[in-house]
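# What follows is a predicted structure for the sequence shown.
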Number of protein chains: 2
Amino acid sequence: MPDIKEIKAGELDTGKFINEKVAEIRGIVGDGLAINALSGGVDSSAVTVLGHKALGDRLKTYFIDNGIMRQGEPERIAALFSGLGVRVDVLDAKNTFFKALKGVTDPEEKREAITQTFYKDVFGKLVRESGAKYLLQGTILTDVDETVAGIKRQHNVFEQLGIDPQETFGYRIIEPLVQLRKDGVRKVAEALGLPENTYRRIPFPGPALAARVIGEATPERIGMVRNATSIVEEELSGTGAFQYMAILHEDRVTGMREGKREYGSQIEIRCWDSIDARQASPTRVDHDTLCRLAGRIVNSVPGVVSVTYNVTTKPPSTMEAV
Amino acid sequence: MPDIKEIKAGELDTGKFINEKVAEIRGIVGDGLAINALSGGVDSSAVTVLGHKALGDRLKTYFIDNGIMRQGEPERIAALFSGLGVRVDVLDAKNTFFKALKGVTDPEEKREAITQTFYKDVFGKLVRESGAKYLLQGTILTDVDETVAGIKRQHNVFEQLGIDPQETFGYRIIEPLVQLRKDGVRKVAEALGLPENTYRRIPFPGPALAARVIGEATPERIGMVRNATSIVEEELSGTGAFQYMAILHEDRVTGMREGKREYGSQIEIRCWDSIDARQASPTRVDHDTLCRLAGRIVNSVPGVVSVTYNVTTKPPSTMEAV
């Protein structure tokens, strides 16, 4: 594992950082082509702008519609980057991802299926077709820490695991944000001219909504958690919390509708206060907001009869359930 | 289904009710023997005292230790009734129950396994040995409603389902509390001289802690939820809530201990405000209490890394999860 020198947000000079990274990317890619995948989160958005600053049109940016994104994401991202003058090609890969996720219930296997589909099938093909030899990626230091510690295999950490992406996938990975944590990335994103709703955007996992479903991530179950996620983000965006999410459980619980038993599903809400995602505590969301949220979810998401709020700290919890 | 005339708590004359029921029980049992099972809840405790008032020693009262009771229950009940001068025989049936529950995961099959084991195997045997022809039972009107509506098969409702217990099990069931709801039973229990910690005792389901485990109720999983239940009852008894409980989920969630991943279990806490269990809303438990509760559970119950609080109303939730 290479020794990564952390740059703390408090000590970060964003102008200097951006200039150095632009030069570094140019130095590595030279006259070649690079490619990157934009998910719309703050990390990949910052990398996209940074990469275009360094390489201009020699960076091809793709938005992979994997079918496990949040409501309205493809449209939001297309509008945002078109406004910034950055061309983003959208690729519909929904079927490929759902095929890879079929029957997979173990969290690590699920992450692995998404990683393999993303980097090998979908991206490998794009890279081969584009002739790019470099992949720009928004890995941050917390991803590396958690992967090395064995807490969670982040989708975007290879070199740290001793996997050679050049050998395995045919391209080299450049990670310009790897010395930063989330708070540092937000400052860089702001300095890069990204709008507040992007640089303040709450973290969202690489495996997207598949990480928000316990058990199999079918199109139907992803649809349920997508629906609940929209409601949770609407109701909790005002809290100023570090992150908030809806999780669809696999366990079934007894409920009732119109006086009859309905054996249904449970949605868990998590909302975290945290500085850098290493430690976290549940946000003090008021009781009425939680009850209203629960009411909206059981009324809007067919099959859901029960909603809970997580009250554990990290550790021993993690922020995501999967 | 016989038409049951409800007696509302507000209109209940406890002295008159007790006299009528004592006369009724005497009338039915005559010179015969009756038997009853005491779980320690307010319903079965009231029936026990009522039955002994009517029949004296001709009512045999058993406490069946089914292995799925809360911490310290057998000891608490023995001490209470010995103080009231009522003889209670304790029967250790732990192995019989766990054998019947082995491999059973469906909620209705779990309830059914407990019902069958209780009424047919364990109680059937006791009745045959005792020569009793009557079983006194603490069914209340809400049990009947929910069974008839198909929401939940209560363990103690037979006649309402068209099952003839005489034919099926060899005895007739007497249900002196069936016109009352929980609030009425509490008044009768108080009038019968039961202590406050019994007549104010929160409701506890017939299938006991097996109803508090999603999935298989093994001795190990029952031990986990028993441990969590003790903590929840300790922390929430001061709320004055109608009912509060810990539920062990079957879903596994990612957690971390000492910097390493621990793929662990989740405990759900439910705490209900309700008048009569027909409708309920989550109690406004303050954030610090919930966080302290979660901290105690993850520190005391091995394998638990996550704790949630239910924020749904009934309906569409039910009070119990199983």
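Cool, got the structure. Residues are numbered from 1 along each chain as shown, chains lettered A, B, ... in the order given.
# what about the closest residue to chain B within chain A, distance to residue B:307?
For chain A, the residue closest to chain B is residue A:308, as judged by Cβ to the nearest Cβ, at 3.6 Å. (Each C-beta comes from the backbone N, C-alpha and C, glycine too.) Separation of residue A:308 from residue B:307 (Cβ to Cβ, to the nearest Å) stands at 9 Å.
# circling back: mind checking pLDDT for the residue of chain A closest to chain B?
On the pLDDT scale, residue A:308 is placed at 98.
# Surely it is in a helix?
No - counting by DSSP: H, G, I helix; E, B strand; the rest coil, residue A:308 falls outside a helix, being strand.
# who touches both of residue A:308 and residue B:307?
residue B:268 (Cβ atoms under 8 Å, 6 or more residues apart in numbering or on different chains).
# low-confidence ranges in the stretch 101-250 of chain A?
Flagging of the stretch 101-250 of chain A using pLDDT under 70 yields the residue ranges A:149-163, A:169.
# show me where it has helices.
Ranges of helices within the stretch 101-250 of chain A are A:107-116, A:123-130, A:141-149, A:165-169, A:182-191, A:196-199, A:219-236, based on DSSP state H, counting those that start in this stretch.
# give me every residue that touches residue A:275.
For residue A:275, the contacting residues are A:183, A:242, by Cβ under 8 Å, 6+ apart.
# Three-state assignment for it, please.
Classification of residue A:275 by three-state DSSP places it in coil.
# could I get the helices of the stretch 101-250 of chain A as CSV with mean neighbour count and distance to residue A:263?
Formatted as CSV, those follow (neighbours: other Cβ atoms under 10 Å in any protein chain shown; distance: least, Cβ to Cβ, whole Å):
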stretch, mean neighbour count, distance to residue A:263
helix A:107-116, 19, 25
helix A:123-130, 16, 41
helix A:141-149, 19, 36
helix A:165-169, 13, 44
helix A:182-191, 21, 39
helix A:196-199, 15, 39
helix A:219-236, 20, 15
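# got CSV for those helices, with distance to chain B too?
Below are these laid out as CSV (distance: least, Cβ to the nearest Cβ, whole Å):
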stretch, distance to chain B
helix A:107-116, 6
helix A:123-130, 26
helix A:141-149, 5
helix A:165-169, 24
helix A:182-191, 18
helix A:196-199, 27
helix A:219-236, 12
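# Ok, which of these comes nearest residue B:44?
Of all the helices of the stretch 101-250 of chain A, it is helix A:219-236 that lies closest to residue B:44, at 40.3 Å by Cβ to Cβ.
# got the CA positions of the closest one in PDB?
Taking C-alpha atoms only, helix A:219-236 is exported to PDB below (Å, rounded to 0.1, in the frame of the first residue of the first chain):
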ATOM      1  CA  PRO A 219     -35.600  -3.200 -10.300                       C
ATOM      2  CA  GLU A 220     -38.700  -3.300  -8.100                       C
ATOM      3  CA  ARG A 221     -36.900  -3.100  -4.800                       C
ATOM      4  CA  ILE A 222     -34.600  -0.400  -6.200                       C
ATOM      5  CA  GLY A 223     -37.800   1.500  -7.200                       C
ATOM      6  CA  MET A 224     -39.100   1.200  -3.600                       C
ATOM      7  CA  VAL A 225     -36.000   2.600  -2.000                       C
ATOM      8  CA  ARG A 226     -35.600   5.300  -4.700                       C
ATOM      9  CA  ASN A 227     -39.100   6.500  -3.900                       C
ATOM     10  CA  ALA A 228     -38.300   6.500  -0.100                       C
ATOM     11  CA  THR A 229     -35.000   8.200  -0.700                       C
ATOM     12  CA  SER A 230     -36.700  11.200  -2.500                       C
ATOM     13  CA  ILE A 231     -38.900  11.700   0.500                       C
ATOM     14  CA  VAL A 232     -36.100  11.400   3.000                       C
ATOM     15  CA  GLU A 233     -33.900  13.800   1.100                       C
ATOM     16  CA  GLU A 234     -36.800  16.300   0.900                       C
ATOM     17  CA  GLU A 235     -37.700  16.100   4.600                       C
ATOM     18  CA  LEU A 236     -34.100  16.000   6.000                       C
END
